[in-house]
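In: Next one to model:
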Amino acid sequence: MSLRWRLTAVIGGVVALMVAGASVLAYVSAERELDRQVNEFLLTRSRETEVELDRLAALPIRTREEAAGALGAISALGRADASIQLLRSDDQLLAISGDPLPVTGVDRDIASVDQEAIVRRTVDVTIDDEPYRILTSSSRSGALMVGRSMSDVQTTLDGLRGWLIAISAFGSIVAALVGWLVAQGVLRPVSRLAAATRQVAETGRFDADLRVESSDELGALAGNFNTMLSALRASREQQQRLVRDANHELRTPLTSMRTNVDVLRRRPDDLSTEEAGAILDDLDREIRELSALVEELVSSATDRSTMDAQEFVRLDLREIADRVADRTMRRTDRQVLVVGADRIEVCGDPEALERAIGNLVGNAVKFTPSGSDIIVEVAADRVVVADGGPGLEPGDEERIFDRFYRSTSTRTLPGSGLGLAIVADVARAHGGVGVATSTDDGARIGFTLGHITELVGSGPNK
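Out: Residues are numbered from 1 along each chain as shown. Reported below is the predicted structural model:
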């Protein structure tokens, strides 16, 4: 069963049960009220008749004419809406009005009880296939029996029962229809979401944005789905751009290597030792650049996906910067100075931060003239590397963090154009951004940190 039919069944079933419950409650309440009214009517008639009987019993009866008058007065007590009769203690039955009522042993027992006692009994009987209710109560003259037909009450209840059944059936149908309409309205965004996911699965395209028509949970679901599709589109575009740019960057060293290999293969005997050595040196340089390019491609493609803020740890940023500076000075014989507090605790990925700082220092090594110092400024919210190079060209402050971007003045220098892009990715993963400014004596390039940091201690700069 589909979700739409399940919602329809639930909504319709709940409403139908409520209507049926209300109908049953209304019927029971009406039945009890009519039953109470009948009992009250019988009791009222019994009390009125008993008062008149007591008044007549107090009159002196000396002659036959007075006795006949008393009997006539008793007959006059009758009402058209009730059957009344008096069962005397000597088992004589005196009909006052209406149809005769059946007498049982219990009625005779009530007629013979002590005159001071008050005993009442109500019973439902059938007289000539017609339902009756009889109230028998003790009196000074015996047992007074008052009966009333229950046909009108039964007819009323039968009519009410029919109406309530019809209302319940109609209400159930309406409830099912309302449930279907509600399910249609509620599941319309879900249906669009299902259609969009099916389109994405079948076509592999991420342009199936949903209309956000409400601010409730379903609207939030549609908005989140659109956000997810936008992220997937951006990721695919970045992957495609990375592949295109990588293809372009890989083609140059591969072409150069192929040319040198062809020369060695075709003219092995015609090349002098110096020429062969130069070709081999060129091949070695191209292989190194190609290896560095592949390594940076892998880092650029995986850094964003492998860094998870939930797995960040507390680390000493100054210690990482010192480690990068020491490694660079050993490999290049260049002077790298780290300035800042002795200990700077941040929350982040130690390997990613070390790679980012290493890329910044490596970039500064390429542009800083020999004899000039490279300054690494480390603070609680940022890392900036200052070099003594020619500075940045106009407009490069924003573009140098793009993948494979290389300014006009740097295209002849070794490098892939991915180092600063990796720095920007690491900065974004830590809640910051890449920053770059040009100065009179070089450039200042680095990144900011957006996560909680803690500055601990201070001391002399390294």
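
In: OK, contacts around residue 12?
Out: Going by Cβ atoms under 8 Å, 6 or more residues apart in numbering, residue 12 touches 172, 175-180. The way it works is simple: take the backbone N, C-alpha and C, and place the C-beta from them, glycine included.

In: Give me the distance between it and residue 427.
Out: According to Cβ to Cβ, to the nearest Å, residue 12 stands 56 Å off from residue 427.

In: Equivalent analysis for residue 438, please.
Out: 19 Å.

In: repeat for residue 256
Out: 33 Å.

In: Pick out whichever of the two has more residues nearby.
Out: Each of residue 256 and residue 427 has its neighbours counted (other Cβ atoms under 10 Å); residue 427 has more, 24 against 16.

In: The more buried one: which element?
Out: helix 419-429 (DSSP states H and E).

In: Quick check: next helix or strand after that helix?
Out: Using DSSP H and E, the helix or strand that follows helix 419-429 towards the C-terminus is strand 434-439.

In: which helices and strands sit right next to that following strand?
Out: Applying 3 or more Cβ pairs under 8 Å, 6 or more residues apart in numbering; DSSP states H and E, we find strand 434-439 packed against strand 382-387, helix 396-399, helix 419-429, strand 442-448.

In: what residue ranges in the stretch 151-300 of the chain are flagged as low confidence?
Out: Along the stretch 151-300 of the chain, the parts satisfying pLDDT under 70 run over 207-216, 218, 242, 245-246, 248-250, 252, 289, 292-293, 295-300.

In: can you give me the helices in it?
Out: With helices called from DSSP state H, counting those that start in this stretch, the stretch 151-300 of the chain shows them at 151-203, 217-266, 273-306.

In: Let me have those helices in JSON lines, adding distance to residue 445 as columns.
Out: As requested, the helices of the stretch 151-300 of the chain are exported to JSON lines (distance: least, Cβ to Cβ, whole Å):
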{"stretch": "helix 151-203", "distance to residue 445": "39"}
{"stretch": "helix 217-266", "distance to residue 445": "21"}
{"stretch": "helix 273-306", "distance to residue 445": "17"}
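
In: Residue 92: which of those helices is closest?
Out: Nearest to residue 92 among the helices of the stretch 151-300 of the chain is helix 151-203; the distance by Cβ to Cβ comes to 30.0 Å.

In: In terms of secondary structure, what does the closest one contact?
Out: Judged by 3+ Cβ pairs under 8 Å, 6+ apart, the packing partners of helix 151-203 are helix 3-57, strand 130-139, helix 217-266.

In: and those, which is most packed in?
Out: strand 130-139 (a mean of 20; mean count of other Cβ atoms under 10 Å).

In: Neighbouring strands - and their directions - for it?
Out: Pairing partners of strand 130-139, with direction, according to DSSP bridges: strand 120-127 (antiparallel), strand 142-149 (antiparallel).

In: same question for that strand, mean pLDDT?
Out: For strand 130-139, the mean pLDDT works out to 89.

In: how big is the angle separating it from helix 3-57?
Out: Between the axes of strand 130-139 and helix 3-57, defined by axes from the mean of the first three to the mean of the last three Cα atoms, to 10 degrees, the angle is 40 degrees.

In: Relative to the whole chain's centre, how far out is strand 130-139?
Out: Centroid separation for strand 130-139 versus its chain: 65 Å, with Cα atoms, centre = their mean, to the nearest Å.

In: got it, and stretch 437-447?
Out: Its chain's C-alpha centre and that of stretch 437-447 lie 48 Å apart, by Cα atoms, centre = their mean.

In: Dump the C-alpha coordinates for that stretch into PDB.
Out: What follows is stretch 437-447, C-alpha atoms only, in PDB (Å, rounded to 0.1, in the frame of the first residue of the first chain):
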ATOM      1  CA  THR A 437      48.100  41.600  -0.200                       C
ATOM      2  CA  SER A 438      50.900  43.200  -2.100                       C
ATOM      3  CA  THR A 439      53.500  45.400  -0.200                       C
ATOM      4  CA  ASP A 440      56.300  47.700  -1.300                       C
ATOM      5  CA  ASP A 441      58.900  45.000  -0.500                       C
ATOM      6  CA  GLY A 442      57.100  41.800  -1.600                       C
ATOM      7  CA  ALA A 443      53.800  40.100  -0.800                       C
ATOM      8  CA  ARG A 444      51.900  38.800   2.200                       C
ATOM      9  CA  ILE A 445      50.000  35.600   1.500                       C
ATOM     10  CA  GLY A 446      48.300  33.400   4.100                       C
ATOM     11  CA  PHE A 447      44.900  32.200   5.500                       C
END
